[in-house]
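K.L.:
mind looking at a prediction? Sequence and model below.
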Amino acid sequence: MSNRRIRVRFAPSPTGPLHMGGVRTALFNYLFARKHGGDFILRIEDTDQTRYVPKAEEYIIESLKWCGLIPDEGPGFGGEYGPYRQSERKERYAGYARQLIDSGWAYYSFDTPEDLDHLRAAAEEKGVTFSYDQHTRLSLCNSLSLSPEEVERRINSGQPYAIRFRMPESLDVTEEDLVRGSVTFNTRELDDKVLFKSDGMPTYHLANVVDDHLMEITHVIRGEEWLPSLPLHVLLYRAFGWEASRPRFSHLPLILKPQGKGKLSKRDGDKMGFPVFPLLWKDPESGENYRGYREDGYFPEAFLNMLAMLGWNPGTEQELFTLNEMVEQFSLERVVKSGSRFDPEKAKWFNRQYLQKKSAQELARLVVPVLYSKNIDTTLAKVVEVAGEIKERCDFPADFWEQGHFFFKAPETWDEKAVAKRWKPETPAELLAIAALLETIGTWQAPLIKEEFSTFMNEKGWNFGNIMNTLRICLVGGTLGPDLFRILEILGKTETVARIRTAAEKINI
């Protein structure tokens, strides 16, 4: 295998929106492929048509594109191993299922869904769990318990059947997982999984093994929830005679709830107010919208960086990585075994770090749509100036309105608590005197304004701190904002004086 070109696949099912855990699986596959100069393949595993959700495939592809995880092969991306939707490959799976029948590794099962439901209910009444396995299969309706003539009669008559894998009796199956190390399963504890359904479609187990072989996949990197399926998949490679070329396996840890117990779910996001999906998702059945990281204002590079640190330990104190840096340093050996707790505040921290790295020009282009949505007519130059001034106070582009709206719109109300604390009977007269002073200043720059203002205040003997806070209320409407003299400079002389005069006239206590 060492001489083979590295090929990995991300194989989601279009049964709903792509969970952030799925994005992390795609990311780790992408990093591994790029690190080794290999191929990153997208394959849509849509064999379960009963759970198919319209638009889910488009959502998956758009999510990968937003994150910058562009497949080398896949639906819409081309490639020599297609088609890349399993529903378009279904004709080939039946032949492989029959091959397992012929070699004794699988058998026909004629049990109806009603039969199996009855057996499950009966077992439940006894306090046990029914399993279709080596202990029960000879007492059930299948080609192992029926005569060859009866099996042939049933098939020829068109009776529906499934094809099940014949799990060997009491066999240890050991695999060297690249994340977890050596793992061993004994087949005594495993059931005979359905490989081919009565509707003519393969199950995940058969389709993914066949497709991984035909697509020459060298490494399967997937979530921990697939670990119990590992012995079946290993045995399928053995049954087909593909052991020499089968892929290496890696099972990634779960992303846990913020409390640390249990897998992170959509309900956790709904309850605690954070997204669990990369993009906004509108449920086609309920019409309900679910938040997305993109629409919440996260940068894709921050989102990926956050996901990488949920399960991957670079072995250093470094936390911020570009995608190229992740590629350079990534290894499956440094993926942790235990689940990683998701911290919504840490996610915001990552976004803040990437926002601070952006230039004022870059941020301005992100803020302009926000201003337009507020019907604010301004210049790009002013937006650039404001962005550079307040970006340290922001985690998301949308925060620029909250932190800097006063630069574009004069306050119409003033914070009552702040006014009650700062406003004195003599305040209006003091403000008008300051407005008159400001009108005389020639060069309107923060250092010179501050110098003139300080001289004036010293001459008057007024309380510097109280006047500064009162001025801020006049200009901003409250107590927020950056350096006061920078606010004056950006607002301009005319607007500054007008706001001071308006507040002096209208604020009453």
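P.N.:
Right, received. Where do you want to start? Residues are numbered from 1 along each chain as shown.

K.L.:
for the rest of this, base every contact and every neighbour count on C-alpha atoms.
P.N.:
OK.

K.L.:
contacts only, for Phe249.
P.N.:
Shown in contact with Phe249 (Cα atoms under 8 Å, 6 or more residues apart in numbering): Glu176, Asp177, Leu178, His219, Val220, Ile221.

K.L.:
now, which of those sits nearest Leu27?
P.N.:
Ile221 (10.2 Å; Cα to Cα).

K.L.:
in a strand, the closest one, correct?
P.N.:
Yes. Counting by DSSP: H, G, I helix; E, B strand; the rest coil, Ile221 is found in a strand.

K.L.:
what's near enough to touch the spatially closest residue to it that is not a sequence neighbour?
P.N.:
Nearest non-adjacent residue to Ile221, counting by Cα to Cα, 6 or more residues apart in numbering: Ser250, 4.8 Å away. Contact partners of Ser250, counting by Cα under 8 Å, 6+ apart, are Asp177, Leu178, Val179, Arg180, His219, Val220, Ile221, Arg222, Leu332.

K.L.:
ok, which stretches of the protein are strands?
P.N.:
7-10, 39-42, 106-109, 162-165, 172-177, 181-186, 194-196, 219-223, 248-252, 255-256, 281-282, 289-290, 340-341 (DSSP state E).

K.L.:
Gly78 is nearest to which of those?
P.N.:
Gly78 lies closest to strand 39-42 among these, at 10.0 Å (Cα to Cα).

K.L.:
can I get the closest one in CSV, CA atoms only?
P.N.:
Extracted in CSV, the C-alpha atoms of strand 39-42 (Å, rounded to 0.1, in the frame of the first residue of the first chain):
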residue,chain,number,x,y,z
ASP,A,39,-6.9,12.8,-3.7
PHE,A,40,-9.9,13.9,-1.7
ILE,A,41,-13.1,12.4,-3.1
LEU,A,42,-16.8,13.3,-2.3
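
K.L.:
which strands and helices lie in contact with it?
P.N.:
In terms of contacts (3 or more Cα pairs under 8 Å, 6 or more residues apart in numbering; DSSP states H and E), strand 39-42 is packed against strand 7-10, helix 20-35.

K.L.:
so which of these is the most surrounded?
P.N.:
strand 7-10 (a mean of 26; mean count of other Cα atoms under 10 Å).

K.L.:
phi first, then psi, for the closest residue to Gln159 other than its chain neighbours.
P.N.:
In this structure, Gln159 finds its nearest non-sequential neighbour in Phe110, 7.6 Å apart by Cα to Cα, 6+ apart. As for Phe110, its main-chain torsions (degrees, to the nearest 10) stand at phi -100, psi 0.

K.L.:
wait, Phe110 sits on Ala162?
P.N.:
Yes. Counting by Cα atoms under 8 Å, Ala162 is a contact partner of Phe110 at 6.6 Å.

K.L.:
just to revisit the earlier point, next, work out how far apart the residue nearest to Ile221 and Gln329 are.
P.N.:
Ser250 sits at a distance of 18 Å from Gln329 (criterion: Cα to Cα, to the nearest Å).

K.L.:
and for Asp48?
P.N.:
Between Asp48 and Gln329 the computed distance is 37 Å (Cα to Cα).

K.L.:
and the helix or strand of the chain with the lowest mean pLDDT, how far out from the chain middle?
P.N.:
None of the helices or strands of the chain scores lower by mean pLDDT, DSSP states H and E than helix 266-272, at a mean of 90. How far helix 266-272 lies from its chain's middle: 14 Å, per Cα atoms, centre = their mean, to the nearest Å.

K.L.:
quick one: Ala11 and Ile44 touch, right?
P.N.:
Yes. Ala11 lies in contact with Ile44 (Cα under 8 Å); the separation is 5.5 Å.
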